[in-house]
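take a look and give me a structure for this.
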Amino acid sequence: MTTIVVYGSVGGMGKKKKKLRGVRIGKGEMEVLRLVQGRHPVTVREVADELAATRGVGRTTVLNVMSRLVKKGFLARKMVEGVFVYVPRESPGKQLRDLIGDFVRGTLGGKLMPLVAYLADDADLTEEEVAELKKVVEGRKE
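Residues are numbered from 1 along each chain as shown. Next up is the predicted model:
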């Protein structure tokens, strides 16, 4: 089982966020988070229906995962017409950058070369992705 250590924030919709250090997010939580990011606002039922159809995951499991994601600061929820609706706290791009940064700091000890070596040798990058990486590297030289 893969667990990623991330930095998140906690607070309800419209509430001040508190920063958390070393929050862990597992594969199942990441899958639910991606679903919410792609379709928000969503209810537990909507996410559960999708996961039941694709992976056989039940509503109670989804409810527990979404509740944990709220507590960890990745999702916010509010009551709308008697039902909780969930939205991501931050954009998918920001959350992904935070996850990668935490991975580099925590797992790679702040060293980027193992990640660069992976991208160069093992990642199945498209020509467009290689061009984007080159632009980023060239932009850093200035």
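
so who does Val136 touch?
Val136 makes no contacts at all, as judged by Cβ atoms under 8 Å, 6 or more residues apart in numbering. (Glycine included, C-beta is placed from N, CA and C.)

in what helix or strand does it lie?
helix 127-141 (DSSP states H and E).

dump that helix to PDB, keeping only the CA atoms.
Written as PDB, here are the backbone C-alpha positions of helix 127-141 (Å, rounded to 0.1, in the frame of the first residue of the first chain):
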ATOM      1  CA  GLU A 127       7.100  14.900 -27.200                       C
ATOM      2  CA  GLU A 128       4.800  17.700 -25.800                       C
ATOM      3  CA  GLU A 129       5.700  16.800 -22.200                       C
ATOM      4  CA  VAL A 130       9.400  16.900 -23.100                       C
ATOM      5  CA  ALA A 131       9.000  20.300 -24.800                       C
ATOM      6  CA  GLU A 132       7.200  21.600 -21.600                       C
ATOM      7  CA  LEU A 133      10.000  20.300 -19.400                       C
ATOM      8  CA  LYS A 134      12.600  22.000 -21.600                       C
ATOM      9  CA  LYS A 135      10.700  25.300 -21.300                       C
ATOM     10  CA  VAL A 136      10.600  25.000 -17.600                       C
ATOM     11  CA  VAL A 137      14.300  24.300 -17.400                       C
ATOM     12  CA  GLU A 138      15.200  27.100 -19.800                       C
ATOM     13  CA  GLY A 139      13.000  29.500 -17.800                       C
ATOM     14  CA  ARG A 140      15.000  28.600 -14.600                       C
ATOM     15  CA  LYS A 141      18.300  29.600 -16.200                       C
END
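
how many residues are close by Phe103?
14 (other Cβ atoms under 10 Å).

in a helix, it, correct?
Yes. Counting by DSSP: H, G, I helix; E, B strand; the rest coil, Phe103 is found in a helix.

tell me the pLDDT of it.
pLDDT recorded at Phe103 is 83.

how about Pro88?
So, for Pro88, pLDDT stands at 94.
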